[in-house]
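Colleague: let me see the structure of the following:
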Amino acid sequence: MPKSRSQADPEAEHKALMEETEYVVQADRSGFKYAWVTEHHFLEEYSHLSANDVYLGYLAHATERLHIGSGIFNPLPQVNHPVKVAERVAMLDHLSAGRFEFGTGRGAGSHEILGFLPGIEDMNETKQIWEETIAEFPKMWLQDTYEGFSGTYWSLPPRKILPKPYGHSHPAMWYAAGSPSSYAMAARKGLGVLGFSVQKVSDMEWVVDSYKTAVRDAEPVGAYVNDNVMVTSTAICAETSEKARRIAASGGLNYLQSLLFRYHDTFPRPEGIPAWPQLLPEYTEEIIDLMISEELMICGDPDEVTAQCKRWDAAGADQLVFGLPIGISYEDTMNTVELIGEHVIPEIDTDPVHRTTRLRAAAG
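Modeller: The predicted structure is shown next:
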């Protein structure tokens, strides 16, 4: 929700939310397998998607095959009580008939996290809170009567946690990781990784190494190991290479990146990123060409996009998620989804079954 959009249209926020649902519905029709829905609070312009459980409930009804995931649900008890998170996950699992994916994390930065945790001065303490909580979810889902919990940050007496998940076992569990140590930690716990911080293909080297090595010796907190590395990349596909680059150059990518580092102060700030409210310079088509060559974004005609996606596949990504720039039109966004579905996905994804469905079905 950049200001340029809200200042031009008093209904911009509503339209943005409705358009996003249409993109997901079209992705479902176009053969995409997963859609991830963020949870953010207080992040003006960057994300107004705060009630993502409500949004996911709508998407569960609006889609048929697509797996919908919380990218993330924040399970810190000061933000969302863990029992209520467990209940929402199980409910969404029912509403989607087993298509829900449970991703967790600790928030986007100090502005967001300290709004709920004003007494915490060291952001690393959120890791301890998350660690205390994450292993309790499978117990809440799988124990007839949850045995209860008494920890440093929250407690609950024995209770029946309802509903139980749909069908066999429980939804696949994921963690939004941003550093090599976080990838290895997630692997040891048998969690899939939501790699929102992976920016280019070469970053996959340490991702795959730290994760795939550790996951072999996982002691899963859940009923099974979710051996998965998901990565994200900006994606624009058009009928011609020239059109795709023209759309990318006008897509507000510089503003989005500036907003990212406005709020995500737990990420190291790369050299050359100015402090907010200063902005990165607007991207030219020459900068777009450089970003494509450096494998920092996916952009081009269907053949180019296919080749770029195959690079991620060869680097070891189990799942590639496309972020769509905030500044491109509804028509160009829908066109990207449709072209990738028609031309790219059939060249890369020939398995009719979702990877997490197989892992869940095989759980003992």
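Colleague: and the residue nearest the centre of this structure?
Modeller: Nearest to the geometric centre of the chain sits Gly71, at 3.8 Å (CA atoms, centre = their mean).
Colleague: quick check: phi and psi on that residue?
Modeller: With angles defined as degrees, to the nearest 10, Gly71 sits at phi -120, psi 50.
Colleague: next, the contact list for the spatially closest residue to Tyr34 that is not a sequence neighbour, please.
Modeller: Excluding the flanking residues, the one nearest Tyr34 by CB to CB, 6 or more residues apart in numbering is His67, at 4.9 Å. No exception for glycine: its C-beta is placed from N, CA and C like everyone else's. The contact partners of His67, by CB atoms under 8 Å, 6 or more residues apart in numbering, come to 33-35, 96, 99-101, 354, 356-357.
Colleague: which of those residues sit farthest apart?
Modeller: The largest separation in the contacts of His67, counting by CB to CB, is between Ala35 and Thr357 at 15.2 Å.
Colleague: who has more neighbours, those two?
Modeller: Ala35 (21 against 14; other CB atoms under 10 Å).
Colleague: that one: what secondary structure?
Modeller: strand (DSSP: H, G, I helix; E, B strand; the rest coil).
Colleague: isn't it right up against Ala27?
Modeller: Yes: proximity of Ala35 to Ala27 meets the contact threshold set by CB atoms under 8 Å, at 6.0 Å.
Colleague: overlap of the contact sets of these two?
Modeller: Leu66.
Colleague: buried subset of the contacts of His67?
Modeller: 33-35, 96, 99-101, 354, 356 (16 or more other CB atoms under 10 Å).
Colleague: where exactly do the helices run in the stretch 1-150 of the chain?
Modeller: Using DSSP state H, counting those that start in this stretch, the helices of the stretch 1-150 of the chain run over 3-8, 12-29, 52-62, 82-95, 110-116, 125-134, 136-142.
Colleague: likewise for the stretch 201-350 of the chain?
Modeller: Under DSSP H, counting those that start in this stretch, the stretch 201-350 of the chain gives helices at 204-215, 241-249, 253-263, 285-293, 302-315, 330-339, 345-348.
Colleague: ok, which of the ones you listed comes nearest Pro277?
Modeller: Closest approach to Pro277 among the helices of the stretch 201-350 of the chain (CB to CB): helix 253-263, 8.0 Å.
Colleague: and that closest one, what's buried?
Modeller: Within helix 253-263, the residues scored as buried using 16+ other CB under 10 Å are 253-259, 261-263.
Colleague: next one: stretch 76-89
Modeller: 76-80, 82-83, 85-89.
Colleague: please apply the same query to stretch 234-247.
Modeller: By neighbour count on 16+ other CB under 10 Å, the buried set for stretch 234-247 is 234-238, 241, 243-247.
Colleague: for the chain, longest strand please?
Modeller: In the chain, with assignment by DSSP state E, the single longest strand is strand 229-237.
Colleague: chain center to that strand, what's the gap?
Modeller: 11 Å (CA atoms, centre = their mean, to the nearest Å).
Colleague: and it, what does it pack against?
Modeller: strand 192-195, helix 204-215, helix 241-249, strand 298-300, helix 302-315, strand 319-323, helix 330-339 (3 or more CB pairs under 8 Å, 6 or more residues apart in numbering; DSSP states H and E).
Colleague: what angle sits between the longest one and strand 229-237?
Modeller: So the one you mean is helix 302-315. Relative orientation of helix 302-315 and strand 229-237, computed by axes from the mean of the first three to the mean of the last three CA atoms, to 10 degrees: 170 degrees.
Colleague: what are the contacting residues of helix 302-315?
Modeller: Helix 302-315 is contacted from outside by 201, 204-205, 208, 231, 233, 235, 237, 241, 244, 292, 295, 298-300, 320, 339-340, 342-344, 347-348, using CB under 8 Å, 6+ apart.
Colleague: can you list the low-confidence ranges for the stretch 151-300 of the chain?
Modeller: Nowhere does the stretch 151-300 of the chain drop to pLDDT under 70.
Colleague: count the neighbours of Ala184 for me.
Modeller: 18.
Colleague: hmm, it is touching Asp217, no?
Modeller: No: using CB under 8 Å, Ala184 is not in contact with Asp217; the gap is 10.5 Å.
Colleague: can you add distance to Leu194 and pLDDT and give the contacts of His67 back as TSV?
Modeller: As requested, the contacts of His67 are arranged in TSV below (distance: CB to CB, whole Å; pLDDT from 0 to 100):
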residue	distance to Leu194	pLDDT
Lys33	15	98
Tyr34	11	98
Ala35	13	98
Ser96	18	98
Arg99	17	98
Phe100	14	98
Glu101	9	98
His354	16	98
Thr356	12	98
Thr357	18	98
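Colleague: now, those that are in strands?
Modeller: Using DSSP E, the contacts of His67 in strands are 34-35, 100-101.
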